[in-house]
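Participant: Here is my input; please provide its structure:
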Amino acid sequence: MIAPELVNSPHRDPSGDDGPRRLAVLIAVAASVMTGYVLLGVRPHKDVRMTDHRLTMVQADWVDAADVVFTGDSRSQAAYVPSAISGTVGCRLLNFGQQGRRYTARYFAAIDRVLDERGSIPTIVMGITPLSLSENGLPYSDQDEIFDPIDRWTTTHLDLFLASLQPMTKWDAIGLVRHGSHRMRRISDCEPDGWVNIERLPADPTAELPKYRSDFQQHRVDPDLEAGLLRQVAKWTTAGVLVVGERSPTSRAMLELEDQLSGFDEQDFARRFRAAGGRWFDGDRAAFDTWDGSHVTRDAALSHSAKLATFVLAERTASALRGPAIRAEPLQ
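Facilitator: I've put the predicted structure just below:
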């Protein structure tokens, strides 16, 4: 027999069935937890020490700041370590690579701003990827250079806090499901010289492949972007700037995917790059270790930077012997 006080309890469903109410409460609680997890940015796999946004702000202040400037997308950010090259080359170096960056006239102008052309041998090292020559890449814009005082203050003092509030992306969520929050961790350690040491624990050499496969099914390499880059190389070299190019280091699997889907012909591009007056580096064709199938590990970056430093030093020495100007051959 049910006690009278329970029958008349205001917390009891008069119908005698608490199931729908309990289900509604559970759904509300679950929704609150998931919303808080996403919106508050509890991203256990990403421990940001200096955000890309703050690095972009630092780069916006670079004016005549380097004798050697490295350019390209995030693969350039990860692969070129200025501190590992400066001892060999013996001058000021900065990594002006940026996440997802596409080679456009605005980006070329920004490179000119960073490069100090008053030096004896101003040098640009271009990391080339199919993404940087396609509509998949991000164009350079005013937002990459203009920071108002409030934005500067918040970026300088609240950088890490604001980064923790960023929502997860689709690819973050996929990685979380695959690896679990207690196992997966990603560190993007941005250095003041522009190098970004990307680590993913545990390493997943296939993580980025689905994204790039999807990207290149939508946009392949754009011939107009290729032609624009080669015209800029000719312009720079005619003005006496040494331009070195290479296909940015990545995994063997990524190279094969790009060769198959992106429409990028490295051999033909290198030929035209040289014809424009540039110097093409293909002396390090190792199968690079990566954390995610795209970005090289710290050890791989240091190793590659050492080899690239030797090539850049030799080309700078040869350029000094040739004189202040390097004549570009007609574009083909």
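
Participant: quick one: the strands in this protein?
Facilitator: In the chain, the strands defined using DSSP state E lie at 46-50, 68-71, 93-95, 123-128, 185-190, 196-201, 242-247, 279-280.

Participant: Mind naming the longest helix for the chain?
Facilitator: As assigned by DSSP state H, the longest helix anywhere in the chain is helix 298-322.

Participant: What helices and strands are in contact with it?
Facilitator: Contacts defined by 3 or more Cβ pairs under 8 Å, 6 or more residues apart in numbering; DSSP states H and E place helix 298-322 against helix 74-79, helix 82-89, strand 123-128, strand 196-201, strand 242-247. (Glycine included, C-beta is placed from N, CA and C.)

Participant: Which of the ones you listed has the highest mean neighbour count?
Facilitator: The highest average neighbour count among these, using mean count of other Cβ atoms under 10 Å, belongs to helix 74-79 at a mean of 28.

Participant: Would you mind checking the average pLDDT for it?
Facilitator: Mean per-residue pLDDT for helix 74-79: 95.

Participant: Contacts for it next, please.
Facilitator: Defining contact as Cβ atoms under 8 Å, 6 or more residues apart in numbering, one finds that helix 74-79 is touched by 70, 95, 97-101, 127, 129, 194-198, 248-250, 294-296, 300-301, 304-305.

Participant: just how off-centre is it within its chain?
Facilitator: Relative to its parent chain, helix 74-79 has a centroid offset of 6 Å by Cα atoms, centre = their mean, to the nearest Å.

Participant: quick one, what contacts residue 257?
Facilitator: Neighbouring residues of residue 257 by Cβ under 8 Å, 6+ apart: 209, 212, 213, 216.

Participant: now for those, which pair is the farthest apart?
Facilitator: Spatially, the most separated pair among the contacts of residue 257 is 209 and 216, at 10.8 Å (Cβ to Cβ).

Participant: Of the two, give the one with the bigger neighbour count.
Facilitator: Using other Cβ atoms under 10 Å, the more surrounded residue of residue 209 and residue 216 is residue 216, with 21 against 18.

Participant: And the residue lying closest to the more buried one once chain neighbours are set aside, how far from residue 109?
Facilitator: Nearest non-adjacent residue to residue 216, counting by Cβ to Cβ, 6 or more residues apart in numbering: residue 261, 4.0 Å away. According to Cβ to Cβ, to the nearest Å, residue 261 stands 31 Å off from residue 109.

Participant: Show me which of those two is the more surrounded one.
Facilitator: Neighbour count, other Cβ under 10 Å: between residue 261 and residue 109, residue 261 has more, with 16 against 12.

Participant: is it true that that one touches residue 218?
Facilitator: No - with contact defined as Cβ atoms under 8 Å, residue 261 does not count as touching residue 218 (10.4 Å).

Participant: In JSON lines, list the strands of the chain along with distance to residue 224 and mean pLDDT.
Facilitator: Formatted as JSON lines, those follow (distance: least, Cβ to Cβ, whole Å; pLDDT from 0 to 100):
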{"stretch": "strand 46-50", "distance to residue 224": "35", "mean pLDDT": "55"}
{"stretch": "strand 68-71", "distance to residue 224": "19", "mean pLDDT": "98"}
{"stretch": "strand 93-95", "distance to residue 224": "27", "mean pLDDT": "97"}
{"stretch": "strand 123-128", "distance to residue 224": "16", "mean pLDDT": "98"}
{"stretch": "strand 185-190", "distance to residue 224": "32", "mean pLDDT": "65"}
{"stretch": "strand 196-201", "distance to residue 224": "29", "mean pLDDT": "76"}
{"stretch": "strand 242-247", "distance to residue 224": "18", "mean pLDDT": "98"}
{"stretch": "strand 279-280", "distance to residue 224": "21", "mean pLDDT": "98"}
